[in-house]
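Got a predicted model here, sequence first, then my questions.
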Amino acid sequence: MRIIVALTLLSTLAAAAPASAESFTGVFKNDPAIELVMPAVGPNGPIQAGHLKGTATTQTRSGATATSTYECIFWSTPGAETPSAGICQVVENGKDRLSQQLVCGAPDPKDQVAPCWGAMVGTGGKYVGKVGNFSQMGTLVAGTLQGAWKD
């Protein structure tokens, strides 16, 4: 199970969203991830955890663009409905900050593409006090994302 696949984006999703409810879309690219694996100790399989970093480029519906960096930790969730979860810290354009919490579905066995979704909370700059939602689809290497901040 590749937990990282779904997380990779998790971080970049919120990056270009404005302080209004305007939606955004974008792409993300991950650096090589660090994965730790504990062998299976029960019927639910091995436990995985890791660290992931990368960059994202997003664009709002009105055309504003942003570049973000993100750093995430992730872990498997044996026995849960979704196979992995994580949290990310995102820095947009070097100043605005947000945190993301996400869960990810299982990767498609054929192409390893997996869906992730979750919540965003503004922690600095223009995002302080803002909350929103995002989703992404991607692999361990790259993918697409979308989301919006709530008013």
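That came in fine, so what should we check first?

just the strands in the chain please.
Read by DSSP state E, the chain holds these strands, from start to end of the chain: 23-30, 34-38, 47-60, 65-76, 84-92, 96-104, 114-124, 131-138, 142-149.

Please name the strands paired to the fourth one in the sheet, noting orientation.
Going back to what we said before, that points to strand 65-76. Next to strand 65-76 in the sheet, as set by DSSP bridges, lie strand 47-60 (antiparallel), strand 84-92 (antiparallel).

Is Thr60 in contact with Ala21, as I believe?
No - with contact defined as CB atoms under 8 Å, Thr60 and Ala21 do not form a contacting pair (10.6 Å). C-beta here means a position set from N, CA and C on the backbone, and glycine is covered the same way.

So these two - more neighbours on which side?
With neighbours defined as other CB atoms under 10 Å, Thr60 and Ala21 compare such that Thr60 has more, 19 against 12.

Test for you: state the pLDDT assigned to that one.
Residue-level confidence at Thr60 comes out at 90, pLDDT.
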